[in-house]
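# Compute the structure for the input listed below.
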Amino acid sequence: MRISSPPPPHLILLLLLHTPLTSPFTLKMGTGNTFGRVFRISTWGESHGGGVGVTLDGCPPRIPLTRTEVQTDLDRRRPGQSRITTPRNEADAVEILSGLSPDGLTLGTPIGMLVRNKDQRSQDYLDNDMKVAYRPSHADATYDAKYGVRAVAGGGRSSARETIGRVAAGAVARKILKLYNGVEILGYVSKVQDIETTAVDH
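This next block holds a predicted model:
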C-alpha cells in the first residue's frame, strides 16, 4: 500500500492561480432593484407581466397616507398624455396592499403597492424586426449584455414602467420629508431643445 503525502503549499497556490475562475455556466445575479438603507425600496414586476410595484420598508408608523396622494404623482408619469410619449394607454391605478391601517395610518411595516398592467400588447413586438434586433437607445440591449436575458415584448425590467415603483415610493418619501423636516420637493422640465421657460418662481 502506497501512502502519498499532500502537495506542498506553493504547488497548491500555483494550481489556484492557474485555474480559470469562469466556468461554462456563470451565474450573474440581478442587481439594482433595491435602494436605500433606513428607508428602503424594492421594485418588482415587468412591462408585460401582471403588474409592477414596490415594497417600501422603513416608513415610520402613524403617518396619514391615502391612495390619492400616491396616485397624484403616478398620474404625472402616466403614459399616453402627449405625442412624444408612448401611446400605451394605462390608467396606472395604484393599489396599496399592505402597511396601512383601516383608517389610513402607516403601521411601520412594509408598504406594498401594485399597479396592474392593462394595455400590454406583446404581439406588437413579436410580429416585426424587434424580435431579432434591439431597439435604438433602449436598455434591452444593455440588459441582455449584463444578464443574458432579453424580454423582447416590452423590455421586461428594462422598460420605463419599472419607474412606477420608484414614483410611488417617492410620494411617500415626499410626505415624510415635509412632515418631519419641512422639506418640499419640486420638479419640472425647464428646457426641451430650444424651448425654455424662465418664468419660474423658486
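
# does Leu74 count as helix, strand or coil?
Under the three-state scheme (DSSP: H, G, I helix; E, B strand; the rest coil), Leu74 adopts helix.

# Now do the spatially closest residue to it that is not a sequence neighbour against Arg37, distance only.
Leaving aside its sequence neighbours, Leu74 sits nearest to Asp92 (C-beta to C-beta, 6 or more residues apart in numbering; 4.9 Å). The way it works is simple: take the backbone N, C-alpha and C, and place the C-beta from them, glycine included. From Asp92 over to Arg37 the distance is 28 Å, taken as C-beta to C-beta, to the nearest Å.

# More neighbours: which of those two?
Ranked by neighbour count (other C-beta atoms under 10 Å), Asp92 and Arg37 place Asp92 first, with 20 against 6.

# so the more buried one, which of the three states?
Secondary structure state of Asp92, per three-state DSSP, is coil.

# okay, now Ile96: neighbour count?
With other C-beta under 10 Å as criterion, Ile96 counts 19.

# swap in the one 5 residues further on?
When neighbours are defined as other C-beta under 10 Å, Ser101 has 11 of them.

# Where does Asp103 sit: helix, strand or coil?
Quick answer, by three-state DSSP: Asp103 is coil.

# tell me the contacts of it?
By C-beta atoms under 8 Å, 6 or more residues apart in numbering, the contact list for Asp103 is empty.

# Quick check: phi and psi on it?
As for Asp103, its main-chain torsions (degrees, to the nearest 10) stand at phi -100, psi 20.

# confidence score at it?
With respect to pLDDT, Asp103 scores 95.

# likewise Val152?
pLDDT at Val152 comes out at 68.

# low pLDDT regions in the protein?
Along the chain, the parts satisfying pLDDT under 70 run over 1-31, 80-90, 119-132, 151-156.

# Tell me which stretches of it form strands.
34-35, 40-45, 51-57, 94-96, 111-116, 191-192, 195-196 (DSSP state E).

# Can you get me the start-to-end distance on stretch 190-202?
Counting by C-alpha to C-alpha, to the nearest Å, you get 12 Å between the two ends of stretch 190-202.

# Contacts for it, please.
By C-beta under 8 Å, 6+ apart, stretch 190-202 touches 186, 188.

# same check, this time on stretch 107-119
45, 47-57, 59-62, 65, 70, 74, 88-101, 161, 164-165, 168-169, 172.

# I only care about these that end up buried; give me the ChimeraX line for that.
Here is the ChimeraX command that selects the buried residues among those (16 or more other C-beta atoms under 10 Å):
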select :45,47,48,49,52,53,54,55,56,57,59,65,70,74,88,90,92,94,96,99,100,161,164,165,168,169,172
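
# Surely the residue nearest to Leu74 is in contact with Thr72?
No. With contact defined as C-beta atoms under 8 Å, Asp92 does not count as touching Thr72 (11.4 Å).

# before we move on, the earlier item: okay if I get the strands of the chain as CSV plus distance to Leu179?
Output for these, formatted as CSV (distance: least, C-beta to C-beta, whole Å):
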stretch, distance to Leu179
strand 34-35, 21
strand 40-45, 18
strand 51-57, 16
strand 94-96, 18
strand 111-116, 15
strand 191-192, 32
strand 195-196, 34
